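> predicted model, plus sequence, below.
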4 protein chains.
Amino acid sequence: MNTPQASEVWIRLQKELPQWVEESRAQCGEGKVASYIPELAKAPHRALGIQIMNGSGASIAAGDAAIPFTMQSISKVFTLLLALMDNGEAAVFDKVGMEPTGDNFNSMLKLELVQPGIPFNPLINAGAIVISSLIAGARMEEKSDRVLQFFRKLAANDFLEVNEAVYQSEAASADLNRSMAYFLKDNGVLKGKVDEVLDVYFRHCSINVTCADLARMALVLAFDGTDPITGERHIPRRYVQIAKTFMVTCGMYNASGEFAIEVGMPAKSGVAGGILTLVPGRYGIGVVGPALNPKGNSIAGVDLLETLSQRLDWSLF
Amino acid sequence: MNTPQASEVWIRLQKELPQWVEESRAQCGEGKVASYIPELAKAPHRALGIQIMNGSGASIAAGDAAIPFTMQSISKVFTLLLALMDNGEAAVFDKVGMEPTGDNFNSMLKLELVQPGIPFNPLINAGAIVISSLIAGARMEEKSDRVLQFFRKLAANDFLEVNEAVYQSEAASADLNRSMAYFLKDNGVLKGKVDEVLDVYFRHCSINVTCADLARMALVLAFDGTDPITGERHIPRRYVQIAKTFMVTCGMYNASGEFAIEVGMPAKSGVAGGILTLVPGRYGIGVVGPALNPKGNSIAGVDLLETLSQRLDWSLF
Amino acid sequence: MNTPQASEVWIRLQKELPQWVEESRAQCGEGKVASYIPELAKAPHRALGIQIMNGSGASIAAGDAAIPFTMQSISKVFTLLLALMDNGEAAVFDKVGMEPTGDNFNSMLKLELVQPGIPFNPLINAGAIVISSLIAGARMEEKSDRVLQFFRKLAANDFLEVNEAVYQSEAASADLNRSMAYFLKDNGVLKGKVDEVLDVYFRHCSINVTCADLARMALVLAFDGTDPITGERHIPRRYVQIAKTFMVTCGMYNASGEFAIEVGMPAKSGVAGGILTLVPGRYGIGVVGPALNPKGNSIAGVDLLETLSQRLDWSLF
Amino acid sequence: MNTPQASEVWIRLQKELPQWVEESRAQCGEGKVASYIPELAKAPHRALGIQIMNGSGASIAAGDAAIPFTMQSISKVFTLLLALMDNGEAAVFDKVGMEPTGDNFNSMLKLELVQPGIPFNPLINAGAIVISSLIAGARMEEKSDRVLQFFRKLAANDFLEVNEAVYQSEAASADLNRSMAYFLKDNGVLKGKVDEVLDVYFRHCSINVTCADLARMALVLAFDGTDPITGERHIPRRYVQIAKTFMVTCGMYNASGEFAIEVGMPAKSGVAGGILTLVPGRYGIGVVGPALNPKGNSIAGVDLLETLSQRLDWSLF
């Protein structure tokens, strides 16, 4: 691709990013903050922030990049990676499929119809619950702790913690996930005790981060599993490739196809308004904007990424 | 990416491609030639061929690259492009969606459930039928002729023709497509006479090609809409980007997700055993292998592309 | 059952039926006249009429019993009977099932899921279209004529005719039925040309009747296939038993279960507002009330039948 | 109906029933004993028994009428009756629908699609679980005890007990029912703790009976809620009417439509091989035959009831 020089892009970003954030922030009014649990409903409706980090560790932040939020579904990318490292490809894809689904993210319909009854992919709820069950560890505390340590290492932030209020709230309104988990257990796809598996799942969804944390985690993916700042390899390249592919085909709920057309960057969103994305070999990016569009993605965040992709030619395609 | 130099790859391909073809050909025994129409069932069960063309117009062919076959679903990529050029993005995506679907390619279930009743994407049958209805032209003969001329131009081959026997055969066993088309018409998505729209559709699916034709057509996509040999621009870059994105998310029926993980190249397959794929900025590739896997893709062709992608690091991800 | 003497019931009906009609007519305001074809939309919104005929041929009519309307789905009961007489039970139930379905009457979802792909029962559209294909006759004109003659005989009315305006209107807005028919043809369930089968189907749905006609046709069913007035046997008893069973389990679209609970009489409704029902061994009943409830049944007609069933203890159960 | 005199029927039954049982027993070889829990798999594969009781309390038994078995789904008819007596019609049908469904009895698909998310009817698993939640009682022990006392009273048998081995076995393999219950809870249809509701449900499914018990319970339904032997009224007539209607439209899983056509008697089957049925105003009938057909009904039991219905003209229709 005849993309501009990295240094030119960086200078342009420093200059224009704040303005682009303000332009996209105008979208917030059309969106809705997630309210299925009270804790999420407290998020600031008009917030929009972004942090972009390059391979030298330099960062550009704009807007409300400093506000904390829970990872929610963004965590599914990283538990998938840990499960792959714990079990290998074959064992993981014996339990979850590789296919995107255009359906609503909570749909049980698909769960039932796909043969032989395994979740379509590891990024829908059903798939992510199965992935949680595959994390190594003798007891659920150990599993949850291993997830947290892995996330801390990738974010280079030893202070990452589970947001206990969100975790309690999630666990208390979990009937649909519990229903899904028992369905998977009945199908023989989910091993272990449902309540313990769900506990691991709710905990990793409830880890608090900022845009800086997402940017650093994304940077490791952008550099194929190696932290470019420390030079440390955290994840085998093949697993990063798998994760990035899923981010393209299934990362944005049932708007993944549209996002691939309009933005074309590997990304994963969460209902707290976060989006983790990246430019391969160049940047790790974290975005937050709690007001969601009807598909469950940050309405202003998606708009901002469209701007970035179109003006800077960041689509993979 | 630390990919090897183009010249090294080319030399390696010249040396090893014939051997790789023979290794993958062993898969043919596990596959089944499409037999829903008698004409397709005549294809040679053990055939496997490939042609790779670079931007200078040089080609490497191996195996049974010279056998003719009909484009079938591969043609959907190019009618989408023509419909985009005829109508613009907004008008096209008013009638078809952008989301992949993990369902079987013939499923009417999805057709019914998606809101507001439009096909999930332009590469499933229902979507491609709608796309056929959007090709400009006063009468169906004119529409079909415009499609043929467009394909000839992209393939740089004035001798491309509809295979009349296959076309007749398709048209005569069209009850399911007819059912789908009337359903779309009832939903207000399909305009025009069902029989005429289907005629355009069956004709473009029945165009005869060889691997060389597919490679040349793919080359235009690999160079963002410009034929690198003649320097002529055939398609706006944005539309090529759209087409390549759909090839990644929906190009291989309900094995698109798996293909993205295992191969990671934009590709489109057809039930006659063809696969069109590409390496951006480098190569256009045509593959043929009529024996299909249960998902409807060339079983040996997919295997060969896995080999190429893994050994030459051709995944986008 | 400790039901009152027939003569007492008859006297009570003569006295109270007009009042009950007026009470139920108040429901009309809540309903909607079918409008998917212009001809149906012309029906009088507040009309409600009923005619009850006993085995001696005496009748009691009340309200707007004299207005003409088309049979629509009510005709499906009688084409089923004719198809059984033409082909026998085994041949008919090889092509249509016996199971009720709680789904919307137009749903194609069920059509696809039921194994091995045959319609759930002969009273849903898909099933009735298959039944139309089973009517004996060399050409479609002959089939349609045999249906009309059979209906005339049962109604003891040589003047029954197809309402040409409604027929033309139905045939012109038939895309969904055409879609269904091609789906059935693709499945191998429907034999013959789709357009000819649908022509037979639309014609029998468009036959004009009054409440008196429905009452007389229902009387034949109430007396197990014999016209009690002439003593002539028109239908074997076993086939009448089959028809009455379907009327109980599937006669009122996806409100059949509720109607069985609240009314408990074998009945079949049509979207023009007609309902044909009966008291076994006693009465044939025709009702008309064009304003429909959301399930597609006459809103005031259902209310009137609830009154009759509850006050006169007419439930089968 | 010109049915034979009751006394003639009784004499004929005494003479011929044993022979009819032996004729139907030949079907057992085609069936399969339920094996999803080990306790059920122990049932005798070739057993077939029946007991018919008339309003004077006289009984005719034939075949293996004395073997004990658990009620399973047959109990759903009686918990529905108790829930109606505890809550009234309006409160019950606010939580469960009235429509039959042609789907497999375990399907969650239907559960999801029906608006507004309530189970189709009280005899499918999802509906029966909701009904269990509606039984009055401060704690689950009290609810379970009230169910047992109600069943004992109807069966006039103070020795009815829960089969603890079956109950434990059911409770231990309950993941699918648990999944369904959490789905219902998420929808707001199910109140209370899932585990407690399921405990009530599994207990009433596990009550041990013989054909004599079923015949006596059915007799109460045949006499509209009054035990004809003691003259005691146990259930309001309207509720019995509701129960009998559901038995006709939904009593035999997704073969209810076919059973209505071929037998035409209100009936409810269970996976332990029991069938409870009746002739209104005349007989209560209990059948047992553990070998099941693919729809989950006693294969020989259904055959025997077809014989009885056809030879003695017992269809309602």
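It's in. Numbering: from 1, shown residues only, chains lettered A, B, ... in the order given.
> quick check on A:Gln51: phi, psi?
In terms of degrees, to the nearest 10, the main-chain angles of A:Gln51 are phi -130, psi 130.
> show me what contacts it?
Residues near A:Gln51 by Cβ atoms under 8 Å, 6 or more residues apart in numbering or on different chains: A:Ser59, A:Ile60, A:Ala61, A:Ala62, A:Ala65, A:Thr210, A:Cys211, A:Ala212, A:Leu214, A:Ala215, A:Ile285, A:Gly286. Where you see a C-beta, it was placed from the backbone N, CA and C, and this is true even at glycine.
> name the SS class of the fifth one, please.
Pointing back at A:Ala65 there. With DSSP: H, G, I helix; E, B strand; the rest coil as the basis, A:Ala65 sits in coil.
> out of the contacts of A:Gln51, who's the most crowded?
A:Gly286 (32 neighbours; other Cβ atoms under 10 Å in any protein chain shown).
> isn't that residue right up against A:Ile50?
Yes - look at A:Gly286 against A:Ile50 with Cβ atoms under 8 Å: they come within range, at 7.0 Å.
> which neighbours do the two share?
A:Ala65, A:Cys211.
> do a quick rundown of the helices in the stretch 1-150 of chain A.
For the stretch 1-150 of chain A, helices defined by DSSP state H, counting those that start in this stretch occupy the ranges A:6-25, A:38-41, A:75-87, A:89-93, A:109-113, A:125-133, A:140-155.
> quick one: which of the ones you listed is nearest chain D?
Closest approach to chain D among the helices of the stretch 1-150 of chain A is made by helix A:109-113 (5.8 Å; Cβ to the nearest Cβ).
> the helices of the stretch 1-150 of chain A: lowest mean pLDDT?
Averaged per stretch, pLDDT over the helices of the stretch 1-150 of chain A is lowest on helix A:109-113, reaching a mean of 55.
> next, count neighbours for A:Tyr36.
Using other Cβ under 10 Å, A:Tyr36 has 11 neighbouring residues.
> which pLDDT value goes with it?
In this model, A:Tyr36 is scored at 86, pLDDT.
> list phi and psi for the nearest residue to it once chain neighbours are set aside.
Excluding its sequence neighbours, the residue lying closest to A:Tyr36 (Cβ to Cβ, 6 or more residues apart in numbering or on different chains) is A:Ser173, at 6.4 Å. A:Ser173 adopts backbone torsions of phi -130, psi 50, taken as degrees, to the nearest 10.
> I figured A:Ser173 hits A:Ser35, correct?
No - when contacts are counted by Cβ under 8 Å, A:Ser173 is not listed as touching A:Ser35 (11.0 Å).
> closest to chain C out of the contacts of A:Gln51?
A:Leu214 (40.4 Å).
> SS state for that closest one?
The three-state label given to A:Leu214 by three-state DSSP is helix.
> contacts only, for the closest residue to it other than its chain neighbours.
Nearest-residue entry for A:Leu214: A:Gly286, 2.7 Å, with adjacent residues in sequence omitted and distances by Cβ to Cβ, 6+ apart. Counting by Cβ under 8 Å, 6+ apart, A:Gly286 touches A:50-51, A:65, A:209-215, A:217-218, A:274-276.
> quick one: which of the residues you listed is nearest to chain B?
Checking these against chain B by Cβ to the nearest Cβ gives A:Ala218 as the nearest, at 14.2 Å.
> near that closest one, how many other residues are there?
Neighbour count of A:Ala218, defined by other Cβ under 10 Å: 31.
> look up how far A:Asp227 lies from the closest residue to A:Ile229 other than its chain neighbours.
Sequence neighbours aside, A:Gly57 is the residue nearest to A:Ile229 in space, at 4.3 Å (criterion: Cβ to Cβ, 6+ apart). A:Gly57 sits 9 Å away from A:Asp227, going by Cβ to Cβ, to the nearest Å.
> ok, these two, which is more surrounded?
Remark: of A:Gly57 and A:Asp227, A:Asp227 carries more neighbours, 21 against 13, as counted by other Cβ under 10 Å.
> could I get the contacting residues of the closest residue to A:Phe78 other than its chain neighbours?
Using Cβ to Cβ, 6+ apart and skipping residues adjacent in sequence, the residue nearest A:Phe78 is A:Phe151, 6.0 Å away. Going by Cβ under 8 Å, 6+ apart, A:Phe151 touches A:Met71, A:Ser75, A:Phe78, A:Leu160, A:His204, A:Ile207, A:Met217.
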